[in-house]
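*Asks:* got a predicted structure here, sequence first:
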Amino acid sequence: MKGDDGIIRTSPSLIPSTTKNMTNTTLDKAIAAVPKFRDRISLFTKKLRLAQYADGSIYDYRLKIALAVLFTNKLPDEFTQTDIDYYLLTLLDKNRCSLSFFKHTVFGLKAYYKVLGLK
């Protein structure tokens, strides 16, 4: 859904009920850190919806990408292979995340690059 300012808004069904009242989500923090991320994540969301990805997958991919943006302080478009490798290794070090979290991070990044025609 497009707002008056041209920004594609997230469908309410993509936001878990526990986060609807939170004002400073991970996505908000990533956008604050890298303002251009707002347009890119909106475009990514639109393309995933057009490709008929499940709402849960879209939500999870957006979250995992936002966390990577916060870690690197860069747009995903600007990540180097070294940035990606370092981030993923950091997640694996000392069991900082579950295998599922790690896989969704990888799948989210792959989907981002695929649907936006990058790398």
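*Replies:* Arrived safely, thanks for sending.
*Asks:* against A33, how distant is K110?
*Replies:* 23 Å (C-beta to C-beta, to the nearest Å). (Glycine included, C-beta is placed from N, CA and C.)
*Asks:* which one's more surrounded, these two?
*Replies:* More crowded of K110 and A33, by other C-beta atoms under 10 Å: A33, with 15 against 12.
*Asks:* make sure the more buried one is actually in contact with F71.
*Replies:* No - with contacts counted by C-beta atoms under 8 Å, A33 stays clear of F71, the gap being 9.9 Å.
*Asks:* for I41, which non-adjacent residue is closest in space?
*Replies:* R62 (6.0 Å; C-beta to C-beta, 6 or more residues apart in numbering).
*Asks:* give me the below-cutoff pLDDT ranges for this structure.
*Replies:* 1-23, 119 (pLDDT under 70).
*Asks:* could you redo the last one with a cut-off of 50?
*Replies:* Where the chain drops to pLDDT under 50, the residues are 2, 18-19, 21-22.
*Asks:* tell me where it has helices.
*Replies:* Counting by DSSP state H, the chain has helices at residues 26-33, 37-50, 55-72, 81-92, 99-115.
*Asks:* surely F101 touches L88?
*Replies:* No - contact between F101 and L88 fails when scored by C-beta under 8 Å: they sit 11.1 Å apart.
*Asks:* just the CA coordinates of stretch 62-79, formatted as CSV?
*Replies:* Listed next in CSV are the C-alpha coordinates belonging to stretch 62-79 (Å, rounded to 0.1, in the frame of the first residue of the first chain):
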residue,chain,number,x,y,z
ARG,A,62,13.1,-7.8,6.5
LEU,A,63,14.1,-8.3,10.1
LYS,A,64,17.3,-10.3,9.3
ILE,A,65,18.4,-7.7,6.7
ALA,A,66,17.7,-4.8,9.1
LEU,A,67,20.0,-6.5,11.6
ALA,A,68,22.7,-6.9,9.0
VAL,A,69,22.3,-3.2,8.1
LEU,A,70,22.7,-2.2,11.8
PHE,A,71,25.8,-4.4,12.1
THR,A,72,27.5,-3.0,9.0
ASN,A,73,25.9,0.5,9.0
LYS,A,74,25.6,0.1,5.2
LEU,A,75,22.8,-0.6,2.7
PRO,A,76,22.7,-4.2,1.7
ASP,A,77,23.5,-3.0,-1.9
GLU,A,78,26.9,-1.8,-0.6
PHE,A,79,27.8,-5.0,1.4
